[in-house]
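Novice: mind looking at a prediction? Sequence and model below.
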Amino acid sequence: MATATAPAEPTVPAEPTVPERNEHPLLLLTARRLGIGVITLFVVSVIVFWATEVLPGNAAYAVLGRNANPARLHALERQLHLNQGLLAQYWTWLSGLFTGKLGASLANGQPVWGLVEPRLINSAVLVFVTGLIGTVIGVTLGAIAALRKDGWFDHITSVAALTVTSLPEFIVAIGLIILFSTVVLHWLPAVSLLPPGTYAWSQPELLILPVATLVIVIVPYIFRMMRAAMIEALESDYVEMARLKGVPEWRIVLGHALPNSIAPTIQVIGLNFLYLAGGVVLVEYVFNYPGIGQGLVFAVDNRDIPVIQFIVVVLAAFYVCVNIGSDVVALLATPRRRIPR
């Protein structure tokens with residue numbers, strides 16, 4: 001007699017797997033940017049080393065000049081590692097960047113770090129003072145112009161910003177020198193010469209004209225972005241809803257429009273800091289300011305390869321750090337981008 005078998009229980013379908021949510025978008029973005037930054041610096045170091053090594057002429061011969069003879073040339077080539085292969089020379093130079101053995105200047109024999117360090121500090125002071133003042137002025141003027149859209153203040157500042165953006169840095173610098181130093185007024189020094197061993201903060205008056213030049217150049221870009229972002233925020237649906245609810249205008253501006261206008265403006269501020277790293281070269285040369293830009297010009301003139309290589313790598317590292325910093329700050333300033341996806 002056949003035994004009855006119990007009916008098989010219906011199988012419950014497995015729940016679909018939900019993709020793991022990214023709970024740390026900020027950390028992921030920072031890690032990705034750091035990885036790209038390291039690769040970028042490596043590529044830059046290869047290009048810089050290769051570009052300086054393939055220049056015509058011999059560095060040892062350039063140092064010795066008329067005193068060059070075969071024996072002294074071979075001795076100096078061994079000292080500068082020029083007798084090694086190109087790959088071995090690159091590894092010696094790259095390892096020196098991490099161990100602090102940057103070598104000596106070919107122009108005067110001084111250590112590269114001792115020669116570049118005061119110039120690097122002076123340029124950092126110039127860049128960050130300019131960036132801070134330019135950011136405050138640009139954001140403030142942009143917000144006021146947006147609040148007074150199509151008014152006389154908006155029209156005047158917009159035309160002035162468009163005019164200034166068409167002027168190169170050296171025209172602005174020469175105009176300020178004529179106005180405040182030589183022809184019209186005699187209030188400020190026309191050049192920014194610092195005594196050896198001193199830094200920019202010891203004589204603040206020498207910073208006024210270089211800082212003013214760079215501020216005038218960068219403010220229009222920050223102003224125009226802040227104005228556009230602020231106008232877009234003030235015309236958005238959430239601002240209109242807040243107005244219908246009777247929220248005071250000052251709370252709408254400070255609590256809704258301004259925070260949502262900061263994120264795109266931060267990207268432009270970061271780009272302006274990157275511009276300052278390159279634009280400072282010309283301004284320092286015009287004002288004879290002892291910064292890293294002037295040092296780079298002198299190193300190129302003297303074919304001082306170790307100094308050129310180190311300054312270019314420092315500028316590349318500054319570019320990478322500012323890019324990463326602006327991306328992270330923009331993410332922090334945008335609440336909807338911080339929501340895990």
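Specialist: Received, thanks. Residues are numbered from 1 along each chain as shown.

Novice: let me know how buried residue 31 is, in neighbour terms.
Specialist: 11 (other C-beta atoms under 10 Å). Glycine gets a C-beta too; all of them are placed from N, C-alpha and C.

Novice: run the chain-centre distance for the helix or strand encompassing it.
Specialist: Taking DSSP states H and E as the definition, one finds residue 31 inside helix 25-53. Remark: helix 25-53 is offset 14 Å from the chain centroid, using C-alpha atoms, centre = their mean, to the nearest Å.

Novice: equivalent analysis for stretch 121-130, please.
Specialist: Chain-centre distance of stretch 121-130: 12 Å, with C-alpha atoms, centre = their mean.

Novice: do stretch 291-302 as well
Specialist: Computed by C-alpha atoms, centre = their mean, the chain-centroid distance of stretch 291-302 equals 19 Å.

Novice: what's in contact with that stretch?
Specialist: 106-107, 115-116, 119-120, 122-123, 126, 280-285, 288, 304, 307-308, 311-312, 314-315 (C-beta atoms under 8 Å, 6 or more residues apart in numbering).

Novice: what packs against the helix holding residue 31?
Specialist: Counting contacts by 3 or more C-beta pairs under 8 Å, 6 or more residues apart in numbering; DSSP states H and E, helix 25-53 is packed against helix 86-99, helix 305-333.

Novice: what mean pLDDT does that helix get?
Specialist: On average, the pLDDT along helix 25-53 is 78.

Novice: angle of it against helix 305-333?
Specialist: 160 degrees (axes from the mean of the first three to the mean of the last three C-alpha atoms, to 10 degrees).

Novice: where among the helices and strands packed on helix 25-53 is the average confidence lowest?
Specialist: Out of the helices and strands packed on helix 25-53, helix 86-99 stands lowest, with a mean of 76 (criterion: mean pLDDT).

Novice: could you list the buried residues of stretch 232-244?
Specialist: For stretch 232-244, burial by neighbour count (16 or more other C-beta atoms under 10 Å) applies to 233, 234, 239, 242.

Novice: of those residues, closest to residue 272?
Specialist: Nearest to residue 272 out of the buried residues of stretch 232-244 is residue 233 (C-beta to C-beta; 21.1 Å).
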